[in-house]
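Participant: Below: sequence and its predicted model.
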Amino acid sequence: MKLAEALSCRAALADKVRQLGSRLNDCLKVQEGDVPIETPEQVVAELDGALGELRQLIYAINITNTSTEVDGRSVTSMLAERDVLKMRVRTLSDGLRHLTEREDRYNRNEVKYVRTVDAVEFRKLADRSASRLRELDLKIQSIGWVTDLIEE
């Protein structure tokens, strides 16, 4: 199995766990006189099976990410950089939105705000960060499609 396939399976299993939680809630309490479609014990058994699979898959993904190196860096290192770049891009984008929003003044007595940076240059900074994030994300995704999952 390729790393990318394992990541897709992990997402599907996480969805299944959420659905099992909902099913469990549905059978833990019912209206008086009703009978639940399934027993809580059945759902818990299915939940434990799904969580066991998920645990093994997460472990294999983490081992693979730590062991796989590209250009002298582990995938884990690239993932950490991507997470931080996402935060940077989000923060810069919020700042750019704040910087460029129009401030209406209705009379001379209202507070006037002035920009402390050039909006064009700040936009270029935000764009460079977003571009770096896209490049890194594509690199990580491509690694996932060629890397075999390490299953111990």
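Facilitator: That came through fine. Residues are numbered from 1 along each chain as shown.
Participant: how about the helices of this protein, start to end?
Facilitator: With helices called from DSSP state H, the chain shows them at 3-28, 40-67, 75-100, 119-146.
Participant: Compare these and give me the one nearest V111.
Facilitator: Closest approach to V111 among the helices of the chain (CB to CB): helix 75-100, 15.4 Å. Every residue, glycine included, has its C-beta placed from N, CA and C.
Participant: what's that closest one packed up against?
Facilitator: Applying 3 or more CB pairs under 8 Å, 6 or more residues apart in numbering; DSSP states H and E, we find helix 75-100 packed against helix 40-67, helix 119-146.
Participant: and Q141, what does it touch?
Facilitator: Neighbour list for Q141: A4 [criterion: CB atoms under 8 Å, 6 or more residues apart in numbering].
Participant: Give me the pLDDT value at it.
Facilitator: With respect to pLDDT, Q141 scores 97.
Participant: Then D104?
Facilitator: 78.
Participant: Need phi/psi at it.
Facilitator: Backbone torsions of D104, given as degrees, to the nearest 10, read phi -90, psi 130.
Participant: In contact with it, which residues are there?
Facilitator: Applying CB under 8 Å, 6+ apart to D104 gives no contacts.
Participant: D148 against M1, yeah?
Facilitator: Yes: the criterion here is CB atoms under 8 Å, and D148 meets it with M1 at 7.3 Å.
Participant: buried set for stretch 61-68?
Facilitator: I61, T64, N65, T68 (16 or more other CB atoms under 10 Å).
Participant: Turn those into JSON lines, columns for pLDDT and distance to L28.
Facilitator: Output for the buried residues of stretch 61-68, formatted as JSON lines (pLDDT from 0 to 100; distance: CB to CB, whole Å):
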{"residue": "I61", "pLDDT": "98", "distance to L28": "32"}
{"residue": "T64", "pLDDT": "98", "distance to L28": "37"}
{"residue": "N65", "pLDDT": "98", "distance to L28": "37"}
{"residue": "T68", "pLDDT": "97", "distance to L28": "42"}
